[in-house]
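1. generate coordinates for the sequence data below:
(2 chains)
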Amino acid sequence: MSVYLDHAATSFPKPPDVTAAVLRWYADYGVSPDRGDSDLTAVVRAVFERTRARVASLCGVPATRVAWTSGATESLHLFLLAVLKPGHRVLATACAHSSVARPLVTAREALGIELEVLPVDRDGRLDPADVVHALHRSPRDLLVLNHASNVTGVVQDVEPCLRAARDFGVTSLLDASQTMGTSDVAHLPADAIAASAHKALLGPPGLGFLATVAGLDLTPPKPGGSGSSHALDRHPLEWPTAFEAGTPNSPAVFGLDAALAWRAAHPRRLDPSPGRIALGELAQRLVDTRPSRRVLAADSLLRDRPDQLPILSFTDADWDPAELGILLDQAGFQVRSGFHCAPWIHRFLGTPTGTLRISPGPFVPAERILAIADALP
Amino acid sequence: MDPIHPDQRGLLLELSERADETQRADETQRADERHSRQIRFAPFGAEGQARLAKAHALVVGIGALGSHVAQTLARAGIGRLTLVDRDVVDLSNLQRQVLFESADAHAGLPKASTAACAIARIDPGVEVVALDTEFDAALWHRLDRVPDLLIDGTDNFASRFAINAVSIATGVPWIHGAAVGAEGRAMVIRPGIDACLRCILPDAPTDGGGCDALGVLAPAVAHVAAFQATEALKLLGGRDAAVTRGLFVIDVWQGRFDLLFREAPPRADCEACGSRAPLAARTPATTHQANTASSYRSASLCGRNAIQVRPTSPRTLDLAAVAVTARAAGHLVDDLGGRALRVRVGELRVTLFPDGRALVFGTEQADRAIAVHGTLVGDHPD
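-> Purely as a prediction, here's the structure:
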């Protein structure tokens, strides 16, 4: 059995309660929350609203402003499609995931939006002053920030950026895919937050959410699908129904409900610090044994900085990341090599062939993480 | 027009089927008429003709030899021709390349598709597939139908050795041909039966100047192409016993015609087809392609211009043995202490791992990666 070290892509293993809750929906309920008047429907609806309320508190928004989606990718797309208009001026950062970068580039071609991408340093860190300065320099319509890079694990100092956007009257979208469940997102003054259930929240795949502050006016891009107000030939515009056309992923909501409950009951098992410390030690061993290696954001890992996720990305001048990925796989470590779906960041990191990424979840023992050093060439 | 009454539909269908049948019978008769003089030649006969009508030849290089042979086979009534050439028609080609005209050269049209149009005018009944591209192992894997025969219409030994390798790996026979100046040579090569090109030429001769430098006489081309086309008719018509075995060598200026390496069998120590060759090269016949497809999967490395190839079932690869054969084939090999092997194959960089996996850098084409991997690793067991 190999060691799973690709937590940044999706969390594994899930707490047993999560699997049990998903199965419970299939075994005992099987209905959607807004279809029919049975007791079962009422229970499913209650689980939906309870989970929605918990997610709302994680995002710092009212529960009515959390819409279920199929994942962070759909959340980001829904928001961008609803907001972007021809000629809009958009500010984004180089650490954007492809689920942000690609719709923005598509909108630049289709709608003629102006797109400026702010640089990051060689660890993937954004300078908040750059954002504030860019907002000051010229008028903008939208700021899209990546809360933490899935390549280097650096959690950005987004608060001053979001605050500045609010001061300038610029709408802001925060991609919290990597930080939802690891960092405090609720206190951030973002207008909209997108995240998924299957990463650090430890929920099932196929579920995500878009959360916005009250009063943000968005046109739902999916103008049809049953759910409520069946007699109308136009989809209702009220939150959250407006964004939830179609049959929802009820088993995944059951799973997320259980994941959130499990998280509340086991806070110490989720402490990221042991994993980060082990990765810091691994970073030290990696660079000590071969001068050809470069660990990204090594300083944050070595100093166990709380603004660093348990992600270690490195390169080795003598080896291609893809080669290292196969060698580690053969040695029983599931890691990731390549660009990690982040198209812009690598030219700033100086990693033209990508990186090898090690991202352990909270349940991986430190000695397993350190054993990677011996398995590498 | 009045709508057709439902009851009439069956009748109409039957009538139209009957009309189709009549038309088909007409066509068969016309085809027989078209090839009647060839059918009357007893050693070939109606049976040879029927086999030829179902046969498929792939012509590599549609220059002087290729256009001659393709034309002859089309007129003879071959079922299908696949024409492969990445070049365009040039004015200097017209002296000997029979399927092209002045307008083609002035427009610089691609040779394969231009030749296909010319053949369609000669006999629209011949199915022609034109590929305006280079012939390599990757192209082989893109063919929707495996040919019965390969015709060498190339002008360099690198391409000929590529055809030789594909032929050995797949078991499909080929007919070598070359012409320069007043000289020419041609030879039928059936893997496992005849000596292969490497058996008689262990080291690739330097292409000491082709037609551009030394010139070429059209009759020299015609002689070689005539030999190739004749042998093709024998093979595709199922007249194997009549095949001329040996290297046909001519000098039309000196009036010399000879047959060297008569009846030469494959050489056991041949690096391409003998026991020293990698196992893959010696895997017989048609199973090779199927094995390649079923034993290995590939995945593109996102944004890397690279492909990962992995066996569908676990296996162990003897990296040291692979290194020996790769070096023997002239590739640059870097042994990474038993953990992996890096091999440079042309512009491709291949890293092989002990569990049979490989990374092929420098291509986005999965079939190309699998083909290159196959030539290095050798066997592709199920």
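
2. identify the bridge partners of the residue nearest the centre of chain B.
-> Chain B has residue B:150 as the residue nearest its centroid, 3.6 Å off, counting by Cα atoms, centre = their mean. Going by DSSP bridges, residue B:150 is paired in beta bridges with residue B:58, residue B:174.

3. which ones are touching it?
-> B:57-60, B:163, B:166-167, B:172-175 (Cβ atoms under 8 Å, 6 or more residues apart in numbering or on different chains). (C-beta placed from N, C-alpha, C; glycine too.)

4. now do 6 Å
-> Residues near residue B:150 by Cβ atoms under 6 Å, 6 or more residues apart in numbering or on different chains: B:58, B:163, B:172, B:174.

5. what's the neighbour count on residue 166?
-> Using chain A here. 16 (other Cβ atoms under 10 Å in any protein chain shown).

6. chain B, not that one
-> Count around residue B:166 with other Cβ under 10 Å applied: 23.

7. what do you get for residue B:125?
-> That count, for residue B:125 with other Cβ under 10 Å as the rule, works out to 15.

8. beyond the one helix or strand in chain B whose mean pLDDT sits lowest, next helix or strand please.
-> When the helices and strands of chain B are scored by mean pLDDT, DSSP states H and E, helix B:287-295 comes last with a mean of 41. Next along the chain after helix B:287-295, taking DSSP states H and E as the criterion, comes strand B:296-301.

9. thinking again about what came up before, top of the contacts of residue B:150 by number of neighbours, please.
-> That'd be residue B:174 among these, by other Cβ under 10 Å, with 29 neighbours.

10. so how far is chain A from that one?
-> Residue B:174 sits 36 Å away from chain A, going by Cβ to the nearest Cβ, to the nearest Å.

11. my read: that residue touches residue B:165, true?
-> No. Residue B:174 is not in contact with residue B:165 according to Cβ atoms under 6 Å; the separation is 10.5 Å.

12. name the nearest residue to the residue in the stretch 1-150 of chain A that chain B sits nearest to, ignoring sequence neighbours.
-> Using Cβ to the nearest Cβ, residue A:98 is the residue of the stretch 1-150 of chain A that sits closest to chain B, at 9.5 Å. Of all residues not flanking residue A:98 in the chain, residue A:341 sits nearest, at 4.6 Å (Cβ to Cβ, 6 or more residues apart in numbering or on different chains).

13. burial count for that neighbour?
-> Neighbour tally, residue A:341, other Cβ under 10 Å: 18.

14. low-confidence ranges, chain B, go.
-> B:1-24, B:204-209, B:275-294, B:379-382 (pLDDT under 70).

15. just the strands from it, written as ranges.
-> Here chain B has its strands, by DSSP state E, at B:56-60, B:80-84, B:127-131, B:149-152, B:174-180, B:183-189, B:247-251, B:256-260, B:296-301, B:306-311, B:332-335, B:341-345, B:348-352, B:358-361.

16. packing partners for the fifth one?
-> So the one you mean is strand B:174-180. Secondary-structure packing of strand B:174-180 (3 or more Cβ pairs under 6 Å, 6 or more residues apart in numbering or on different chains; DSSP states H and E): strand B:149-152, strand B:183-189, helix B:218-236.

17. now find how far off-centre that strand is within its chain.
-> From the chain centre to the centre of strand B:174-180 is a distance of 13 Å (Cα atoms, centre = their mean, to the nearest Å).

18. and the residue nearest to the centre of chain B, how far from residue B:56?
-> Between residue B:150 and residue B:56 the computed distance is 10 Å (Cβ to Cβ, to the nearest Å).

19. residue A:372 now?
-> Applying Cβ to Cβ to residue A:372 and residue B:56 gives a distance of 53 Å.

20. kindly report the same for residue B:69.
-> In terms of Cβ to Cβ, residue B:69 sits 14 Å off from residue B:56.

21. more neighbours, the two?
-> residue B:69 (30 against 19).

22. hang on, the more buried one packs against residue B:224?
-> No. Residue B:69 is beyond contact range of residue B:224, at 9.1 Å (criterion: Cβ under 6 Å).

23. verify the stated contact: residue A:276 with residue A:312.
-> No. Look at residue A:276 against residue A:312 with Cβ under 6 Å: they stay out of range, at 9.2 Å.

24. compare the two (neighbour count), which wins?
-> residue A:312 (31 against 24).

25. gap between the more buried one and residue A:17?
-> 29 Å.

26. how many residues are close by residue 54?
-> Answering for chain A, as no chain was given. Count around residue A:54 with other Cβ under 10 Å applied: 20.

27. oops, I was thinking of chain B
-> Residue B:54 has 11 nearby residues by other Cβ under 10 Å.

28. chain neighbours aside, what residue packs nearest to it?
-> residue B:79 (5.0 Å).

29. so what does that neighbour look like in phi/psi?
-> Per-residue torsions, residue B:79: phi -70, psi -50 (degrees, to the nearest 10).

30. same check on residue A:333?
-> Phi and psi for residue A:333, reported as degrees, to the nearest 10, are phi -120, psi 120.

31. quick one: low-confidence residue ranges for chain A.
-> Short version for chain A, where the test is pLDDT under 70: A:1, A:224-235.

32. the helices in it, which residues?
-> A:16-24, A:39-59, A:72-83, A:98-111, A:128-137, A:159-168, A:250-265, A:273-289, A:298-302, A:321-330, A:346-349, A:366-370, A:372-375 (DSSP state H).

33. give me every residue in the stretch 251-382 of chain B lying close to chain A.
-> Contacts of the stretch 251-382 of chain B with chain A, taken as Cβ under 6 Å from any Cβ of the partner chain, map to B:301-303, B:339, B:351, B:353, B:355, B:357, B:359.

34. follow-up on the earlier one: out of the strands of chain B, nearest to residue A:32?
-> Ranking these by proximity to residue A:32 (Cβ to Cβ) places strand B:296-301 first, at 36.4 Å.

35. my read: residue B:371 touches residue B:140, true?
-> No. Contact criterion Cβ under 6 Å: residue B:371 and residue B:140 do not qualify, at 7.1 Å.

36. what does chain A put close to chain B?
-> Chain A comes close to chain B at residues A:322-323, A:326, A:330, A:338-339, A:377, as judged by Cβ under 6 Å from any Cβ.

37. quick one: contacts of stretch B:99-118?
-> Outside stretch B:99-118, the residues that reach it (Cβ under 6 Å, 6+ apart) are B:62, B:67, B:71, B:83, B:85, B:87-91, B:94, B:128, B:130-132.

38. quick one: end-to-end distance for that stretch.
-> Chord length of stretch B:99-118, first to last residue, is 6 Å (Cα to Cα, to the nearest Å).

39. so what's residue B:330 up against?
-> Residues in contact with residue B:330 (Cβ under 6 Å, 6+ apart): none are found.

40. measure it to chain A for me?
-> Counting by Cβ to the nearest Cβ - residue B:330 and chain A are separated by 23 Å.

41. residues in contact with residue B:74?
-> Counting by Cβ under 6 Å, 6+ apart, residue B:74 has contacts B:119, B:122-123, B:126.

42. out of those residues, who has the most neighbours?
-> That'd be residue B:119 among the contacts of residue B:74, by other Cβ under 10 Å, with 24 neighbours.

43. thought it was touching residue B:130?
-> No. With contacts counted by Cβ under 6 Å, residue B:119 stays clear of residue B:130, the gap being 9.3 Å.

44. residue B:238: neighbour count?
-> 14.
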